[in-house]
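> Sequence and computational prediction follow.
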Amino acid sequence: MGLSRPFWRAAQWRVAEAAGGSTGRGVTEKPPPLRQIGLDPRGGPLSDTRWNREGESAVENIEAVEALLSGQDYVAGRALATVVFLALRLNRPLFLEGEPGTGKTEIARAIATGLGRRLIRLQCYEGLDVAQALAEWNFAAQMIAIRSAEASGQTGALRQDLFTEEFLIERPLLQALRPQPGGPPVLLIDEIDRTDEPFEAFLLEALSDFQVTIPELGTIKAAEPPIVILTSNRTREVHEALKRRCLYHWVDYPAFERELEILQARAPEAAEALSREVVAFVQRLRQEDLFKKPGVAETIDWAKCLLALDVIALSPQVIADTLGAILKYQDDIARLQGSEATRLLNEARAGLGAV
Ligand SMILES: Nc1ncnc2c1ncn2[C@@H]1O[C@H](COP(=O)(O)OP(=O)(O)OP(=O)(O)O)[C@@H](O)[C@H]1O
Ligand SMILES: [Mg+2]
């Protein structure tokens, strides 16, 4: 038929895989090209590269970063604004690790929108592999091309055409290397701690020189590197070598004043007195030995629930009725039954008097 053998082997494997069986020759073969998608190992350290960016004038200093973030209703402390500024200025990936619901993912959206860049998100999960993160061949489209070439008797010309960009499905990492309207995109590699070590090793190379090699196509290098933000909830330690290539920042629960600022930015319709009580109560709750402490996201959700119920001040009854907005485990909810909610509310109010 004139088609190259490697392609047919891949096709047979895929067809057999879809049918849940073998290649028909009694052996299930591995697909040749897809697993070989990899990275050019020749990359130098990221910090050797300097790029000029259109958006750079927008972030000339830390104050400009603070303004950019607050323009997106994102409240950042000085330390976070500084590390964002440095990541933008030095073109270094930013590694944000911290408690759940503290704004790690949201900051990528705020930076992308603030700079007018596209946000490309790679959501990590257990078993994520390079093909799913980078690119894979569009097998269905290749099969259609083969069938129509066979029908028209033009299979000879098809041989070189099957492994071209036309048949490539670009996944987030490859998309992030492509030029985008408005400038280099923000690449969010979210919850990296959910992946495994081989994937981390792959990322290490990708983040070092922003180029990848697809055997059938060659090396693809970003004309300008994307702005990279990695997040982790620290369900496991991410490898030191990957962290070393990044600027690091631990995102903790905010202190009272900052959490109030965040709540006022995200739920401005809540009256100040109620917002203060909500934040004080959540802050007090976090001091308890809970299975899962409420994050900022829960504070905002709770305030919105209270608003929907026309609540103007907290009471033990209101807390008991709406606890599901801030605590998501039955053991934690059970701890706050009875007089416990009253005690915490009184302590939170006493703390408010001292603020
Ligand atoms: N500093 C902040 N400024 C403004 N909003 C914030 C801030 N921190 C958190 N939020 C709010 O909390 C919500 C949850 O934040 P986000 O999803 O980014 O948390 P996360 O740290 O990524 O959590 P997880 O680890 O569970 O993924 C956001 O949608 C946003 O509304
Ligand atoms: Mg997140």
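Yes, it's here. Computed from a predicted structure; not experimentally measured. Numbering: from 1, shown residues only. Ligands and ions are numbered 1, 2, ... in the order given.
> so who does the closest residue to ligand 1 within the stretch 1-150 of the chain touch?
Taking Cβ to the nearest ligand atom, ligand 1 has its nearest neighbour within the stretch 1-150 of the chain at Gly103, 2.5 Å off. C-beta coordinates here come from the backbone N, C-alpha and C atoms, glycine included. By Cβ atoms under 8 Å, 6 or more residues apart in numbering, Gly103 lies in contact with 74, 251, 262, 296.
> try it again with 10 Å
Contacts for Gly103 (Cβ atoms under 10 Å, 6 or more residues apart in numbering) come out as 69, 74-76, 80, 96, 109-110, 231, 251, 254, 262, 295-297.
> Most neighbours among the residues you listed, which one is it?
Leu96 (26 neighbours; other Cβ atoms under 10 Å).
> Is that one in contact with Val238, as I believe?
No - the criterion here is Cβ atoms under 10 Å, and Leu96 misses it with Val238 at 11.3 Å.
> re the thing from before, from the contacts of Gly103, pick the one nearest Gln330.
Distance ranking of the contacts of Gly103 against Gln330, using Cβ to Cβ, places Gly295 first at 18.5 Å.
> what residue ranges in this protein score low on pLDDT?
Along the chain, segments meeting pLDDT under 70 span 1-58, 159, 354-355.
> which stretches of it form strands?
For the chain, the strands defined by DSSP state E cover 94-98, 119-123, 135-137, 168-170, 186-190, 211-214, 218-221, 227-232, 247-251.
> for ligand 1, what are the nearby residues on the stretch 101-250 of the chain?
Selection of the stretch 101-250 of the chain residues close to ligand 1 by Cβ under 6 Å from any ligand atom yields 101-106, 231, 233.
> The residues you listed: which two are farthest apart?
Longest distance between any two of these is 14.1 Å, between Glu106 and Asn233; criterion Cβ to Cβ.
> residues shared between the contacts of Leu96 and Val238?
Residues touching both Leu96 and Val238 by Cβ under 10 Å, 6+ apart: 230, 232, 246, 248.
> Which of those residues are buried? Put it as a ChimeraX command.
In ChimeraX, this line selects whichever of those come out buried by 16 or more other Cβ atoms under 10 Å:
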select :230,232,246
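> from the shared contacts of Leu96 and Val238, which is closest to ligand 1?
The nearest one, if we look at these relative to ligand 1 and count by Cβ to the nearest ligand atom, is Ser232, at 8.5 Å.
> pretty sure that closest one contacts Gly98?
Yes - shown here, Ser232 and Gly98 form a contact pair, counting by Cβ under 10 Å, at 8.1 Å.
> joint contacts of the two?
In contact with both Ser232 and Gly98: 104, 251, using Cβ under 10 Å, 6+ apart.
> Distance check, Gln154 against Asp161.
Distance, Gln154 to Asp161, using Cβ to Cβ, to the nearest Å: 10 Å.
> ok, now Pro268?
The gap separating Pro268 from Asp161 is 56 Å, by Cβ to Cβ.
> Look at these two and report which has more neighbours.
A direct count of neighbours by other Cβ under 10 Å for Pro268 and Asp161 places Asp161 higher, at 12 against 9.
> For the residue nearest to the more buried one when sequence neighbours are not counted, list the residues it contacts.
Using Cβ to Cβ, 6 or more residues apart in numbering and skipping the chain neighbours, the partner closest in space to Asp161 is Ala145 (7.2 Å). By Cβ under 10 Å, 6+ apart, the residues touching Ala145 are 138, 155, 158, 161-162, 166-167.
> which residues does Leu307 contact?
For Leu307, the contact set (Cβ under 10 Å, 6+ apart) comprises 267, 269-271, 274.
> just checking, Gln330 touches Phe291?
Yes - contact criterion Cβ under 10 Å: Gln330 and Phe291 qualify, at 9.4 Å.
> Name whatever forms a beta bridge with the residue nearest the centre of the chain.
Nearest residue to the geometric centre of the chain (Cα atoms, centre = their mean): Asp190, 2.3 Å. Applying DSSP bridges to Asp190 gives these bridge partners: Gln123.
> Surely it touches Ile107?
No - in this structure Asp190 lies outside contact range of Ile107 using Cβ under 10 Å: 11.2 Å.
> who touches both of those two?
Both Asp190 and Ile107 are contacted by 96, 229, 231, under the criterion Cβ under 10 Å, 6+ apart.
> would you list these in TSV and tack on distance to Phe202?
Output for these, formatted as TSV (distance: Cβ to Cβ, whole Å):
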residue	distance to Phe202
Leu96	20
Ile229	18
Thr231	18
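> how far away is the closest residue to Ser275 other than its chain neighbours from Ile319?
Leaving aside its sequence neighbours, Ser275 sits nearest to Leu263 (Cβ to Cβ, 6+ apart; 5.1 Å). As judged by Cβ to Cβ, Leu263 and Ile319 stand 17 Å apart.
> Neighbour count: these two, which is higher?
Ranked by neighbour count (other Cβ under 10 Å), Leu263 and Ile319 place Leu263 first, with 26 against 21.
> can you pull the contacts of that one?
75, 254, 270, 272, 274-276, 278-279, 282, 296, 299-300, 302-304.
> close enough to count as contact, Leu290 and Asp332?
Yes - if you go by Cβ under 10 Å, Leu290 and Asp332 touch, sitting 4.7 Å apart.
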